[in-house]
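1. Need coordinates for the following:
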Amino acid sequence: MRTAVAEPAPGSGETDGETVNRRRLTTRGPVEFLDVRRVRLVEAGSLRMTPEEQQAVDRLWTQAVAGNPHLFDGPLVACTGLRRPRPGVLELRWVRATYRHRALRLVRAPGTWVPSPVFVTVLQPTDEGLVVGRGSATTAGPGRWGLPGGSAEPPGTAGRLLDEAALRRHAARELAEETGVGAEPGGLTLHAVTRGEYGKVGLHFLAPRLPAALVRSRHRGLLAAHAARGDEPELDRLAFVRSAAELHGLGPQADYVPQLVARWAAPQRAGEGQLRNSLGRGGA
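-> Numbers count the residues shown, from 1 in each chain. Model prediction:
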């Protein structure tokens, strides 16, 4: 997560991807959840810009780096469209880009289509709630809380495919790099797909439950390793939340966090309510 993972939410997924992007470019509000069980990724050519757009993007990137030297112009996956080939399946068309190309949304006129970054996160449940982390000073979102995760990256080797399994592996790697917690990619399940402002698409994977004490211990070990190397971790603090209400005292958050936490917490609360009712009937 070298640059910030922030603002995700989805459109209906029923319409052409470009139309959805235009709507999200001009609309602010809560994130949207796409009702899908599987995501199919299709590489769709290359990113096209005019020479004038390229110059403007380069200028904005130079300004951004001057303000935050920790920014890294690494590769990323940019969504160019979404469609549903059949119920429960989302086709995500994408092109190769780098972090500087996110500035296109500032270059092109409002309502004009721009490629939308794709990112992954991991929901790590524990006995004390869901793990959230605060971005350190070296990230593009210092002080901002989010789930462990990062921007999706295109395959670096020719012939390798970008698919849901590759994103699952990337999510597991981000979890380990940011919290110290290892997870088998095969143990992660697709929990939600979101889309937000500027059409940013998030794939959120659910990990198996772990003891909070173990997560704390792994993160402390990770912080110690960074300190020994003289560098900064990506998440400098962890917290555990059982509901969106418990996020209020933490500070700024990526915009997908409250809704995603609430979505995860709803079945937990329902199960607790059923257990209380069952115990109440048993004691009657």
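2. what's around residue 212, how many residues?
-> 17 (other C-beta atoms under 10 Å). Using the backbone N, CA and C atoms, a C-beta is placed for each residue, glycine as well.
3. contacting residues for it?
-> For residue 212, the contact set (C-beta atoms under 8 Å, 6 or more residues apart in numbering) comprises 126, 127, 128, 129, 240.
4. pLDDT, secondary structure and distance to residue 170 added to those residues, as TSV?
-> Listed next are those as TSV, based on pLDDT from 0 to 100; DSSP: H, G, I helix; E, B strand; the rest coil; distance: C-beta to C-beta, whole Å:
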residue	pLDDT	secondary structure	distance to residue 170
126	97	strand	22
127	97	coil	27
128	97	coil	26
129	96	strand	24
240	97	strand	24
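5. Which single one of these is nearest to residue 208?
-> Of all the contacts of residue 212, residue 208 sits closest to residue 126, with 10.4 Å by C-beta to C-beta.
6. Report the separation between the nearest residue to the closest one once chain neighbours are set aside and residue 122.
-> Leaving aside its sequence neighbours, residue 126 sits nearest to residue 212 (C-beta to C-beta, 6 or more residues apart in numbering; 4.0 Å). When distance is defined by C-beta to C-beta, to the nearest Å, residue 212 is 15 Å away from residue 122.
7. ditto for residue 36
-> Plainly put, residue 36 is 18 Å away from residue 122 if you go by C-beta to C-beta.
8. for residue 38, same thing?
-> 18 Å.
9. Of these two, which one has the most company?
-> Counting neighbours by other C-beta under 10 Å for residue 38 and for residue 122 shows that residue 122 has the greater number, 25 against 12.
10. doesn't that one fall inside a strand?
-> Yes - counting by DSSP: H, G, I helix; E, B strand; the rest coil, residue 122 falls inside a strand.
11. Contacts only, for it.
-> 147-149, 171-172, 174-175, 183, 188, 204-207.
12. now do 7 Å
-> If you count contacts by C-beta atoms under 7 Å, 6 or more residues apart in numbering, residue 122 has them with 147, 148, 149, 171, 174, 175, 188, 205, 207.
13. Just the buried residues from those residues, in PyMOL please.
-> Entered in PyMOL, the line below selects the buried ones among those, by 16 or more other C-beta atoms under 10 Å:
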select buried, resi 147+148+149+171+174+175+188+205+207
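14. which one of the contacts of residue 122 is nearest residue 101?
-> Looking across the contacts of residue 122 and measuring by C-beta to C-beta, the closest to residue 101 is residue 149, at 19.7 Å.
15. any idea how far the closest one lies from residue 132?
-> According to C-beta to C-beta, residue 149 stands 11 Å off from residue 132.
16. Repeat that for residue 36.
-> Residue 36 is 24 Å from residue 132, by C-beta to C-beta.
17. pLDDT (mean, whole number) over stretch 91-103?
-> Averaging pLDDT along stretch 91-103 yields 93.
18. Quick one: residues in contact with it.
-> 3, 17, 39-47, 57, 60-61, 71-83, 85, 115, 117-118, 154, 201.
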